[in-house]
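Visitor: requesting a structural model of the entry that follows:
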Amino acid sequence: MATADPCRAYQEYQVQTLSQEKLVLMLYDGAIKFCSQALKALEQKDYARTNNYLLRAQDILNELMVSLNREAGEIADNLHRLYDFMYRWLVEANVKKSAKHIIDVRDILVGLRDAWEEATRRYHSHDYRTQPGSLSFRG
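Guide: Residues are numbered from 1 along each chain as shown. Take a look at the predicted model:
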């Protein structure tokens, strides 16, 4: 089935062919952007736009929650709890029109995004070789 909008089809193809690491970075970037836009709209007392941006950030947090590999153990559980907290904090920000809540979530997201980027950079910069009984790192 042909897509009527070739630009949208290209964008969808780009997203579908990205690595998991880059997709997570894009999700973090999107949530950070929407929090920043919500803050700006809140400052302008444009509550409809604030609501829209907060809902979009919440959608991204929901996507991060459902896409976690829960078999990864404790770290996945902790991330899920943190994503859930941020999701609920944005709901409360929307109800209370609280810039502080939005800033709190954005700051957490920036920290997670930076940590994720550093972890993937380090992972890809090392040559992981499996040797009998151990995993060695070279780099």
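Visitor: over to residue 46: give its phi and psi.
Guide: phi -100, psi 90 (degrees, to the nearest 10).
Visitor: mind listing what it touches?
Guide: With contacts defined as C-beta atoms under 8 Å, 6 or more residues apart in numbering, residue 46 is in contact with no residue. Every C-beta, even on glycine, is put in place using the N, C-alpha and C of the backbone.
Visitor: what's the per-residue pLDDT of it here?
Guide: Looking at residue 46, its pLDDT stands at 98.
Visitor: centroid-nearest residue for the protein?
Guide: Nearest to the geometric centre of the chain sits residue 28, at 2.7 Å (C-alpha atoms, centre = their mean).
Visitor: list the buried residues in the helix or strand hosting residue 111.
Guide: Residue 111 is located in helix 99-125, with elements delineated by DSSP states H and E. Within helix 99-125, the residues that count as buried by 16 or more other C-beta atoms under 10 Å are 101, 102, 104, 105, 106, 108, 109, 112, 113, 117, 120.
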